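Asks: okay, here's the prediction I keep looking at, along with the sequence it came from:
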Amino acid sequence: MLLTSNKLAISGMAFLALSVAGVVYLISDVLHHVTVASVMTAAIAASFIWFWYGLPVSRRAPPD
């Protein structure tokens with residue numbers, strides 16, 4: 001099955017967001033308690049979801 005470049009870009013951004021969230025969790029787990037690390041990781045993941053996916057979808061132009 002042939003994937004379009006748009007689907008590949010979206011999946012690449014998803015993997016990048018997962019890796020950044022993983023790094024945030026790893027570093028904050030070393031520096032802080034597990035609860036603080038989990039909250040920080042959830043906040044970072046939520047911001048990625050909103051700014052990379054939610055905001056562009058909400059601003060998409062309606063079809064003519």
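Replies: Done, it's in.

Asks: all contacts plus neighbour counts: C-alpha atoms, from now on.
Replies: Noted.

Asks: need the pLDDT of Val24.
Replies: Note for Val24: predicted pLDDT of 93.

Asks: could you list the low-confidence segments of the protein?
Replies: Low-confidence segments of the chain (pLDDT under 70): 1-3, 61, 63-64.

Asks: got the residue ranges for the helices in it?
Replies: Assigned by DSSP state H, the chain shows helices spanning 5-31, 34-49, 55-58.

Asks: which of those helices is buried the deepest?
Replies: The highest average neighbour count among the helices of the chain, using mean count of other Cα atoms under 10 Å, belongs to helix 34-49 at a mean of 16.

Asks: counting by contacts, list what that one packs against.
Replies: Taking 3 or more Cα pairs under 8 Å, 6 or more residues apart in numbering; DSSP states H and E as contact, the helices and strands that helix 34-49 lies on are helix 5-31.

Asks: what residues does stretch 22-31 touch?
Replies: Residues outside stretch 22-31 that contact it (Cα atoms under 8 Å, 6 or more residues apart in numbering): Val36, Ala37, Ser38, Met40, Thr41, Ile44.

Asks: now Ser38: how far from Tyr25?
Replies: For Ser38, the distance to Tyr25 equals 7 Å [Cα to Cα, to the nearest Å].

Asks: so who does Ala45 touch?
Replies: Listed by Cα under 8 Å, 6+ apart, the contact set of Ala45 reads Ala17, Leu18, Ala21.

Asks: possible to save those residues as CSV with distance to Ile10?
Replies: CSV is the format used below for these (distance: Cα to Cα, whole Å):
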residue, distance to Ile10
Ala17, 11
Leu18, 12
Ala21, 17
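
Asks: between the residues you listed, which sits nearest Pro62?
Replies: Of all these, Ala17 has the smallest distance to Pro62: 27.6 Å, by Cα to Cα.

Asks: cross-check the contact I'm expecting between that closest one and Phe48.
Replies: Yes. The pair Ala17 / Phe48 is scored as a contact, 6.5 Å apart, by Cα atoms under 8 Å.

Asks: what sits against Ala37?
Replies: With contact taken as Cα under 8 Å, 6+ apart, Ala37 is in contact with Val24, Tyr25, Leu26, Ser28, Asp29.
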